[in-house]
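> Predicted model and sequence below, questions to follow.
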Amino acid sequence: MAPLKIAFLGIGLMGRPMALHLLNAGFRLTAWNRTRSKAEVLIDAGATVTDSPAEAVQGSDVVICMLENGPVVEQVLFEQAAVAQIPAGALLIDMGSSPPEMAKRHATLFAERGIGYLDAPVSGGTVGAEQANLSIMAGGSEADFRRAEAIFAPLGRPFHIGPAGSGQLAKCANQAVVGITIGAVAEALLLAAEGGANPEAVREALLGGFAGSRILELHGQRMLERDFQPGATARVQLKDLRTILDTAREQHLTLPLTQRVHDEYLALVNGGNENCDHSGLLLQLEALNRCQLGEGPTQAPPLVATKVQEAH
């Protein structure tokens with residue numbers, strides 16, 4: 001039996017290592033990316049590269065979207081006519097972050113065409129993608145989830161969350177925790193440093209206690225080293241926080257912590273740091289307080305990310 005043919009749309013920071021893992025697992029893979037050169041790096045690993053998403057999905061058993069946001073998914077699938085080329089019986093898996101209501105609508109649209117659908121966003125960032133240790137949060141039918149398990153296996157740990165839209169709801173929950181915790185870590189380290197404590201030692205002490213977390217471990221270290229080269233950008237974190245707040249309003253919920261962190265990311269992005277890592281929220285806190293982590297109490301140095309490059 002021939003291996004499944006996968007069309008992979010979106011070869012970015014996350015998509016590239018994910019596509020490589022699928023190729024290494026023996027799947028046939030056709031890649032498309034708006035900037036073709038980003039997809040061409042997969043050719044040596046055995047991928048075929050196309051000039052359009054419609055061409056990429058032709059004859060595919062599975063279509064994976066790893067695109068930046070819901071509007072981009074709609075533009076690629078519907079405005080560029082890719083959906084018309086997806087064969088009946090295929091399975092479409094949206095592994096990017098889109099609004100839950102959009103995922104529900106897409107599930108209905110694809111069902112009308114005889115195409116299976118899962119919204120299956122991921123958590124773990126570029127490190128998780130590279131190490132094949134992503135948390136995959138899937139919404140859709142149990143049958144479609146079972147069909148996708150062999151696809152998910154080379155990428156990380158899949159969880160069936162519930163019906164269509166549930167995966168995106170889980171992603172919203174994830175990004176609320178991530179955004180709020182990044183803010184808490186930045187505030188805690190700055191508070192300690194401005195009071196005269198050694199922030200490196202504070203981080204080590206907290207890691208061994210109840211405040212220990214993956215974000216304190218990884219992003220706390222990024223803050224101390226002022227290494228804001230993006231794993232996940234502040235711009236994307238802001239987009240996710242907007243989705244969370246929009247979804248909360250639809251459910252008649254008020255989320256004050258998420259709202260406040262959203263506003264801080266908005267200020268960070270408006271200040272020109274949209275392409276820094278989301279741990280760069282520290283920069284906005286420093287600007288607010290006119291001080292810099294690691295420079296000692298009451299210092300006011302220039303507030304710039306020292307290792308940030310423009311994302312292309």
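Now that the structure is in, tell me what you want to look at.
> the longest helix in this protein is where?
helix 166-194 (DSSP state H).
> Show me what counts as buried in it.
166-172, 174-176, 178-186, 188-190, 192-194 (16 or more other C-beta atoms under 10 Å). To be clear about C-beta, it is placed using only N, CA and C from the backbone, and glycine gets the same treatment.
> any idea of the pLDDT on the nearest residue to residue 56 once chain neighbours are set aside?
The shortest distance from residue 56 to any non-neighbouring residue, by C-beta to C-beta, 6 or more residues apart in numbering, is to residue 32 (4.0 Å). Looking at residue 32, its pLDDT reads 98.
> Likewise for the one 3 residues further on?
According to the per-residue confidence, residue 35 scores 95 in pLDDT.
> now the one 10 residues further on
Predicted confidence (pLDDT) at residue 45: the value is 96.
> And for it, the neighbour number?
13 (other C-beta atoms under 10 Å).
> which residues does the residue lying closest to it once chain neighbours are set aside contact?
The shortest distance from residue 45 to any non-neighbouring residue, by C-beta to C-beta, 6+ apart, is to residue 23 (4.6 Å). Each residue near residue 23 by C-beta atoms under 8 Å, 6 or more residues apart in numbering is listed here: 29, 42, 45-47.
> can you rerun that using 10 Å?
6, 8, 29, 31, 42, 44-47, 154 (C-beta atoms under 10 Å, 6 or more residues apart in numbering).
> Now list the buried members of those.
6, 8, 29, 31, 42, 47, 154.
> where along the stretch 51-200 of the chain do the strands fall?
In the stretch 51-200 of the chain, the segments counted as strands under DSSP state E, counting those that start in this stretch are 62-65, 91-94, 116-119, 122-123, 134-139, 156-162.
> what about the stretch 151-300 of the chain, any weak spots by pLDDT?
298-300 (pLDDT under 70).
> need the helices for it, in chain order.
166-194, 199-207, 214-225, 234-250, 256-268, 281-289 (DSSP state H, counting those that start in this stretch).
> how about these in TSV, adding distance to residue 122?
Rendered in TSV, the data for these read as follows (distance: least, C-beta to C-beta, whole Å):
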stretch	distance to residue 122
helix 166-194	8
helix 199-207	25
helix 214-225	15
helix 234-250	12
helix 256-268	20
helix 281-289	21
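> so the residue nearest to residue 45 sits in a strand?
No - Residue 23: not assigned to a strand; according to DSSP: H, G, I helix; E, B strand; the rest coil it is helix.
> Is it possible to get CSV of the contacts of residue 23 that adds secondary structure and distance to residue 250?
Formatted as CSV, those follow (DSSP: H, G, I helix; E, B strand; the rest coil; distance: C-beta to C-beta, whole Å):
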residue, secondary structure, distance to residue 250
6, strand, 33
8, strand, 31
29, strand, 36
31, strand, 35
42, coil, 38
44, helix, 45
45, helix, 41
46, coil, 43
47, coil, 39
154, coil, 35
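> Would you mind checking which of those is nearest to residue 62?
Nearest to residue 62 out of the contacts of residue 23 is residue 6 (C-beta to C-beta; 4.8 Å).
> give me phi/psi at residue 46?
Dihedral pair for residue 46: phi 110, psi 0, per degrees, to the nearest 10.
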